[in-house]
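>>> Next one to model:
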Amino acid sequence: MKIYNTLSGKKEEFVPIEPGKVRMYVCGPTVYNLIHIGNARPMIVFDTVRRYMEYKGYEVNFVSNFTDVDDKIIKKAVEEGVEASVISRRYIEECKKDMAAMNVRPATHHPLATEEIGGMLEMIHTLLEKEHAYVAEDGTVYFRTRSFQGYGKLSHKNLDDLRSGGRSLLVSGEDQKEDALDFVLWKPKKEGEPYWESAWCQGRPGWHIECSVMSRKYLGEEIDIHAGGEDLVFPHHENEIAQSEAANGHTFARYWMHNGFLNIDNKKMSKSLGNFFTVRDISEKYDLQVLRFFMISAHYRSPLNFSAELMEAAGNGLERIVTSVENLKFLSGNTKETALQEGEAQLLQEADGYRAKFEEAMEDDFNTADAVAAVFELVKFTNTHVSPQSSAQFLDGLLERIRTLTDILGLIVDKK
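So this is what the prediction gives:
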């Protein structure tokens, strides 16, 4: 199995830390609103990766967090006159509903940032002791970026170029920093914000520290796969590497996977352009299985363009598979023949060739586009060779093969 590793910029043979087990962390959403279709892509993509790993016999410990303390959550809470926790709890539940509708399985663990503050304080203390961090006058704790020699290795960015370009990893408090590239680990509370006690000030964590801490707690100090959207490579994942490796003293994640951007009608999704869609919006027009099928019809690293025409095409493609499954079920339920007929054993062996094509595609950096093509070939083969005279064993054998492959892709192909 080969995985394209963002860290090395090439495909690498997948070798797990522990034979037969996979430790995988995927950055989850910030829960201040309903999830949008940009959030949906990594959820679907890495759920499919997990499903294939499990199909191959791996025991997968899959962790995906919810960021439940953030400026946007606090802003929404102020607007509604409620506690920030009310907002985050509401949208965590709504997110879980959308995930279920897309047939995205729950993670092994879904940690919440607000429940892991103790671990964050512990890691920050470690970074301070190792002089990878420092405390400003107002109690803000910054990571000393230049103290970590490997900074930039994931995004392939040069520190000096970043500095000369004026790139800041903090919006406010520039005058307190030793270096413009230093980023926040802990920040003082503002009026009306939720806060926690610390040795430096009453405050809350910076965004980047939470994933480093949750990953370490639920998966260990070194993990197999860390994944998320392409937009997280820098600065979020770069900062995670710096914090984790500076604190723990060794490699954080062996393989870094990132899905490509999602555009709407060839334009970047934004509220100002009026092309911003939540998953719930899409569910009013399409079954969310169609959205899932659309997402996996392209390679996960490729940019993906969302349009009504492409969704219609995805719906038609999924319907071809569903119709074939329903036809097999009907014929199986009405045939008088049970045992394999002459030539049917050979046909089932031929059908296994499409499973081999499917696996070959998935082993090549989870090429779901080619995997879907293999499923279509199996469906065409099935439609060509079944008839009312087919045996139940033959029909059920083909049905099992289609269901196995579509289940790996997370597609529900049996009508409700």
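>>> C-alpha only now, for contacts and for neighbours.
Fine.
>>> how far out from the middle of the chain is the host helix or strand of His125?
Here His125, judged by DSSP states H and E, is contained in helix 117-129. Remark: helix 117-129 is offset 27 Å from the chain centroid, using Cα atoms, centre = their mean, to the nearest Å.
>>> next one: stretch 231-251
18 Å.
>>> Just the strands from the protein, written as ranges.
Under the criterion DSSP state E, the chain contains strands at 2-5, 10-13, 21-26, 59-64, 133-135, 141-143, 183-188, 203-205, 223-229, 253-259, 262-264, 267-268, 304-306.
>>> and the ones you listed, which one is worst for confidence?
Set side by side, the strands of the chain give their lowest mean pLDDT on strand 267-268, at a mean of 87.
>>> picking that back up, please identify the deepest-packed of the strands of the chain.
Mean neighbour count (mean count of other Cα atoms under 10 Å) peaks for strand 141-143 among these, with a mean of 27.
>>> tell me what that one is packed against?
Applying 3 or more Cα pairs under 8 Å, 6 or more residues apart in numbering; DSSP states H and E, we find strand 141-143 packed against strand 133-135, strand 183-188.
>>> Contacts for the shortest one next, please.
The reference is to strand 133-135. For strand 133-135, contacts defined as Cα atoms under 8 Å, 6 or more residues apart in numbering pick out 124, 127-128, 141-144, 200.
>>> Turn those into a markdown table, columns for distance to Val63.
Shown next, in a markdown table, are the contacts of strand 133-135 (distance: Cα to Cα, whole Å):
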| residue | distance to Val63 |
| --- | --- |
| Ile124 | 22 |
| Leu127 | 24 |
| Leu128 | 27 |
| Val141 | 27 |
| Tyr142 | 27 |
| Phe143 | 25 |
| Arg144 | 28 |
| Trp200 | 30 |
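>>> Poorly predicted segments of the stretch 101-250 of the chain, please.
Residues of the stretch 101-250 of the chain meeting the criterion pLDDT under 70: 163-174.
>>> Give me the number of neighbouring residues for His250.
Using other Cα atoms under 10 Å, His250 is surrounded by 12 other residues.
>>> ok, now Leu399?
20.
>>> Count the neighbours of Leu318 for me.
Other residues within reach of Leu318 by the criterion other Cα under 10 Å amount to 20.
>>> Now for it: which residues touch it?
Taking Cα under 8 Å, 6+ apart, we find Leu318 in contact with 290, 293, 413.
>>> wait, doesn't the first one sit right on Gly315?
Yes: using Cα atoms under 8 Å, Val290 is in contact with Gly315, at 5.3 Å.
>>> So which of the two has more stuff around it?
Val290 (23 against 19).
>>> Quick check, pLDDT for the more buried one.
As predicted, Val290 sits at a pLDDT of 98.
>>> what residues are up against it?
Contacts of Val290 (Cα under 8 Å, 6+ apart): 311, 314-315, 318.
>>> where along the stretch 151-300 of the chain do the helices fall?
159-164, 207-219, 238-248, 279-283, 288-296 (DSSP state H, counting those that start in this stretch).
>>> So which of the ones you listed is nearest Val69?
helix 207-219 (8.7 Å; Cα to Cα).
>>> so how far is that closest one off the chain centroid?
When C-alpha coordinates are averaged (Cα atoms, centre = their mean), helix 207-219 and its chain have centres 16 Å apart.
>>> Send me it as PDB with only the CA atoms.
Listed next in PDB are the C-alpha coordinates belonging to helix 207-219 (Å, rounded to 0.1, in the frame of the first residue of the first chain):
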ATOM      1  CA  TRP A 207      -5.900  26.600  18.400                       C
ATOM      2  CA  HIS A 208      -2.800  24.600  17.400                       C
ATOM      3  CA  ILE A 209      -2.000  23.000  20.800                       C
ATOM      4  CA  GLU A 210      -5.200  21.100  21.100                       C
ATOM      5  CA  CYS A 211      -4.500  18.600  18.300                       C
ATOM      6  CA  SER A 212      -1.000  17.900  19.600                       C
ATOM      7  CA  VAL A 213      -2.400  17.000  23.000                       C
ATOM      8  CA  MET A 214      -5.400  15.000  21.900                       C
ATOM      9  CA  SER A 215      -3.300  13.000  19.500                       C
ATOM     10  CA  ARG A 216      -0.800  12.200  22.200                       C
ATOM     11  CA  LYS A 217      -3.500  11.200  24.700                       C
ATOM     12  CA  TYR A 218      -5.500   8.900  22.500                       C
ATOM     13  CA  LEU A 219      -2.900   7.600  20.100                       C
END
